[in-house]
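Q: can you look at this prediction? I've put the sequence above it.
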Amino acid sequence: MREIVAGLAAAAVLVAGCGPPPTTTGTVSPSAPSSPTASPTTPRTSTASPTMSPQALESAYEKVISDVLPSIVQINTKVGLGSGIVFDTKGHIVTNAHVVGQATQMNVTIATGGPPRSAKLVRSFAAGDLAVIKVDRPDGLRPARFGDSSKLRVGQIVLAMGNPLGLSGSVTNGIVSALGRTVTEPQNPDSPGATIAGAIQTSAAINPGNSGGALVDLSGHVIGIPTLAATDPALGGGAAPGIGFAIPSNTATDIARQIVEHGKVTNSHRAALGIRGSTVIGSDGQPTGVGVASVERGGGAEKAGIRAGDVITSINDTDTPTMAVLAETITTLKPGDRARVGVTRSNGQTQTVTVTLGQLAGE
């Protein structure tokens, strides 16, 4: 379990839903087949009617679970476990980059049971915390149906499906609590340090092992990938009930399709400043900006005169005391945008330069 700093006003940190190797296992009975491909669907996603009876709502839950759960797999690496979603009939599975971590080979257990199947990493897109793996033996895999996450509404009922704590095929329920959140992970060997823009906030419980699974609407469409769950420092780092975050399905399917078709991400659709850096801590122990360790050759920062040793203190008049805040600010902009960047030079001189933003590389 790893702590993640959120780009939210609330004083909370986040932990990823990736868990230790399982101590329990489970299987899910097979059910009727769904669409053989993972193409997004166009109909407006649905919610329960306000007049729906408890019995009808229960029946709706049961049908969605029966339809979708066979498309959710458990992914085991040498250091932990997580969840994944069957993307197509060729054996491709989309998951979180932090579920895969540094592993290039892993085992996958499909929901319909049977022995684990070997799988290999196709590509990770660490900046977006997404990855695609491929199962060696794709027979019996059942692709999920992906919905249009741009049509989500706050209050919509959703189910989170995955393998929390190794409890295979688990389901929790909640609603879409908010849309358009930006959350950032710290960078460490097991965390890609991703900044997730446009994240879906949900009250459906997301626990260690849920990462890479499915957030599903009542039409049976995957509309997000559960990735982060909040913890509250006031509770001693314990879970903050009802605050989780998922990557929108439109983002996940776009990135996954590029990886499947090209073997890498060819268009991240995200802006980049063109620097590598880290948070600078002042003499008072508080963060004061982002120290530039290096600049990308030919990138926007270099062309604007930003150099290694500079400290970036603002973007478009928004203070950037930490790398996380800087990353979150950049995600609100587009490639080609011109941004005013406040810098403090190594000699103490302050200056504002205009940077034409590039595109975040697909690694």
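A: Received, thanks.
Q: where along the stretch 151-300 of the chain do the helices fall?
A: 249-262, 300-303 (DSSP state H, counting those that start in this stretch).
Q: same list (these) but as a markdown table, adding mean neighbour count and mean pLDDT.
A: Just so you know, the C-beta spots here come from the backbone N, C-alpha and C atoms, and that holds for glycine as well. Listed next are the helices of the stretch 151-300 of the chain as a markdown table, based on neighbours: other CB atoms under 10 Å; pLDDT from 0 to 100:
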| stretch | mean neighbour count | mean pLDDT |
| --- | --- | --- |
| helix 249-262 | 21 | 95 |
| helix 300-303 | 22 | 93 |
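Q: among those, which is nearest Gly84?
A: helix 249-262 (10.7 Å; CB to CB).
Q: quick one: contacts of that closest one?
A: Residues outside helix 249-262 that contact it (CB atoms under 8 Å, 6 or more residues apart in numbering) are 38, 40, 87-88, 90, 92, 94, 122-123, 125, 128, 130-132, 146-150, 198, 221-225, 264-269, 362.
Q: quick check: ChimeraX command selecting the buried ones in those residues.
A: Selecting only the buried entries of these in ChimeraX, with 16 or more other CB atoms under 10 Å as the criterion:
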select :38,40,87,88,92,94,122,123,125,128,130,131,132,146,147,148,149,221,222,223,224,225,265,268,362
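Q: TSV for the helices of the stretch 151-300 of the chain, including distance to Val171?
A: As requested, the helices of the stretch 151-300 of the chain are arranged in TSV below (distance: least, CB to CB, whole Å):
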stretch	distance to Val171
helix 249-262	18
helix 300-303	45
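Q: related to what we said a few turns ago, which of the contacts of helix 249-262 fall in strands?
A: Secondary structure assignment by DSSP state E places 92, 94, 122-123, 125, 130-132, 198, 222-225 of these in strands.
Q: of those residues, closest to Thr352?
A: For the ones in strands among the contacts of helix 249-262, the nearest to Thr352 is Gly198 (28.3 Å; CB to CB).
Q: the domain parsing of the chain - what is it?
A: 3-262, 271-359 (automatic domain parsing).
Q: closest one of the ones in strands among the contacts of helix 249-262 to Ile275?
A: Nearest to Ile275 among these, with distances taken as CB to CB, is Phe125, at 19.5 Å.
Q: contacting residues for that closest one?
A: So Phe125 contacts 97, 131, 255, 259, 265, 268, 362-363 (CB under 8 Å, 6+ apart).
Q: can you pick out the most distant pair from those residues?
A: Ala131 and Ser268 (14.3 Å).
Q: thinking Arg276 is in contact with Gly291, fair?
A: No. Between Arg276 and Gly291 there is no contact under CB atoms under 8 Å: 9.9 Å.
Q: more neighbours, these two?
A: Gly291 (20 against 15; other CB atoms under 10 Å).
Q: quick one on the thing from earlier: I'd like the ones in strands among the contacts of helix 249-262 laid out as TSV, including pLDDT and distance to Asn173.
A: Listed next are those as TSV, based on pLDDT from 0 to 100; distance: CB to CB, whole Å:
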residue	pLDDT	distance to Asn173
His92	97	28
Val94	97	22
Val122	97	32
Arg123	95	33
Phe125	93	29
Leu130	95	24
Ala131	96	27
Val132	97	28
Gly198	89	23
Val222	97	15
Ile223	97	14
Gly224	96	14
Ile225	96	17
